[in-house]
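Colleague: Please work out how this folds:
(one chain, ligands or ions: 1)
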Amino acid sequence: MTRVGYLGPDGTFTSMALDQWPASDGAERVPFGSVDAALAALRAGDVDGAMVPIENSVEGGVSATLDALASGDPLLVVGEVVVPITFVLAAPAGVALADVRAVGTHSHAWAQVRGWMGRHLPGAGYVPALSTAAAAAGVAAGGQPYDAAVCAPSAATLHGLEVLADDIGDMQAAVTRFVLVARPGSMPEPTGADKTTLVLFQRDDHAGGLLELLEQFAARGINLTRLESRPTKASMGSYCFSVDIEGHVLDERLGEALMGLRRICAEVRFLGSYPRADGRAATIAPRAQDSDFAEAREWLRSIRG
Ligand SMILES: O=C(O)C(=O)Cc1ccccc1
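Modeller: Next up, the predicted model:
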């Protein structure tokens, strides 16, 4: 990849995810103001990849990313990075904690410091910003409707801000998962420790509909690592299911599950198979190894003569 987009500007947690991505060495880094803008640039061919947040351990899925991947021209996840998240409250020199009337930050950051804010700055308002680093840059430049920013410690340093309070996240062990997305092309090879991301659209709404989808995984011994429903936006009450499963599309059990889903769903959107950030080997149920499927297929071939 020669040009990689990301949710910028410099100092965002997404830029830290890109720092951790080994293949980004030497690539030109192109900051975008939003996940939508980064993915639109990728679809238009202006960049060859994009690093975007997809899920965090406190607030759950990043809707902007899930929705942008679930519709529009196909894109594929080719890798994931998990970044530990630490927040500070930062403001220009001379601003004391008691002076803070409004705080600017990204919505996912606000969701992760709400408890601290309620305890220490109960009167302070929240002003949404495009990213934590954009809020830090805004508060440093002045003229914003907020007088402090919630951002990464490095973003505060980058913009010459003072740290009014350190480590203000409500959950100490918070992490965010970021994905590197590319246009369809070559896919990462199976490693034995892979994940596959799918979006499932049902044909109709009926009792047991979700169970039927999940049965396709259960019957092939496939473990899910994330399941979320997202509105299709077509009408009230119409949902699709965004799922991560353990394994690679080239694994036999995933192939069989995908064929089952393809038969029963209105649409199955394949969003890529890629190595897991934690390198943990897939849990495969007994008799769900590739060799078990191969043996069963051979048996069927033999009885069909
Ligand atoms: O705004 C940022 O810095 C981002 O990269 C998005 C984000 C916000 C909060 C937690 C993790 C990622």
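
Colleague: Only C-alpha atoms from now on, for both contacts and neighbour counts.
Modeller: Fine.

Colleague: ranges for the helices of the stretch 151-300 of the chain?
Modeller: 153-158, 209-218, 252-264, 290-304 (DSSP state H, counting those that start in this stretch).

Colleague: what would these look like in JSON lines with mean neighbour count?
Modeller: Shown next, in JSON lines, are these (neighbours: other Cα atoms under 10 Å):
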{"stretch": "helix 153-158", "mean neighbour count": "20"}
{"stretch": "helix 209-218", "mean neighbour count": "16"}
{"stretch": "helix 252-264", "mean neighbour count": "18"}
{"stretch": "helix 290-304", "mean neighbour count": "11"}
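
Colleague: Any chance of JSON lines for those, columns distance to A23 and mean pLDDT?
Modeller: Formatted as JSON lines, the helices of the stretch 151-300 of the chain follow (distance: least, Cα to Cα, whole Å; pLDDT from 0 to 100):
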{"stretch": "helix 153-158", "distance to A23": "23", "mean pLDDT": "98"}
{"stretch": "helix 209-218", "distance to A23": "32", "mean pLDDT": "97"}
{"stretch": "helix 252-264", "distance to A23": "27", "mean pLDDT": "97"}
{"stretch": "helix 290-304", "distance to A23": "30", "mean pLDDT": "97"}
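
Colleague: Just send the ones you listed back as TSV, with distance to V175 too.
Modeller: Below are those laid out as TSV (distance: least, Cα to Cα, whole Å):
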stretch	distance to V175
helix 153-158	15
helix 209-218	27
helix 252-264	28
helix 290-304	33
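
Colleague: okay if I get these as JSON lines plus distance to the ligand?
Modeller: Putting the helices of the stretch 151-300 of the chain into JSON lines (distance: least, Cα to the nearest ligand atom, whole Å) gives the following:
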{"stretch": "helix 153-158", "distance to the ligand": "9"}
{"stretch": "helix 209-218", "distance to the ligand": "29"}
{"stretch": "helix 252-264", "distance to the ligand": "30"}
{"stretch": "helix 290-304", "distance to the ligand": "37"}
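
Colleague: Contact distance from the ligand - what residues of the chain qualify?
Modeller: When proximity is defined as Cα under 6 Å from any ligand atom, the chain approaches the ligand at 12-14, 53, 106, 108-109, 131-133, 176.

Colleague: Averaged pLDDT, the longest strand seen in the chain. What do you get?
Modeller: Identified as the longest strand of the chain according to DSSP state E is strand 265-275. Mean per-residue pLDDT for strand 265-275: 98.

Colleague: what sits up against that strand?
Modeller: Among residues not part of strand 265-275, those counted as contacts by Cα atoms under 8 Å, 6 or more residues apart in numbering are 69-70, 74-80, 187-191, 193-203, 247-249, 261-262.

Colleague: For the residues of the chain next to the ligand, which two are the farthest from each other?
Modeller: Spatial extent of the residues of the chain next to the ligand (Cα to Cα) is set by the pair A133 and T176 at 15.7 Å.

Colleague: Looking at the two, which one has more neighbours?
Modeller: Just comparing A133 and T176: by other Cα atoms under 10 Å the higher neighbour count belongs to A133, 31 against 23.

Colleague: and the closest residue to the ligand within the stretch 51-200 of the chain, how many residues sit next to it?
Modeller: Nearest residue of the stretch 51-200 of the chain to the ligand: S131, at 3.2 Å (Cα to the nearest ligand atom). Around S131 there are 27 other residues, counting by other Cα under 10 Å.

Colleague: repeat for G143
Modeller: Neighbourhood size, G143 [other Cα under 10 Å]: 9.

Colleague: ok, now L180?
Modeller: L180 has 23 neighbouring residues, counting by other Cα under 10 Å.
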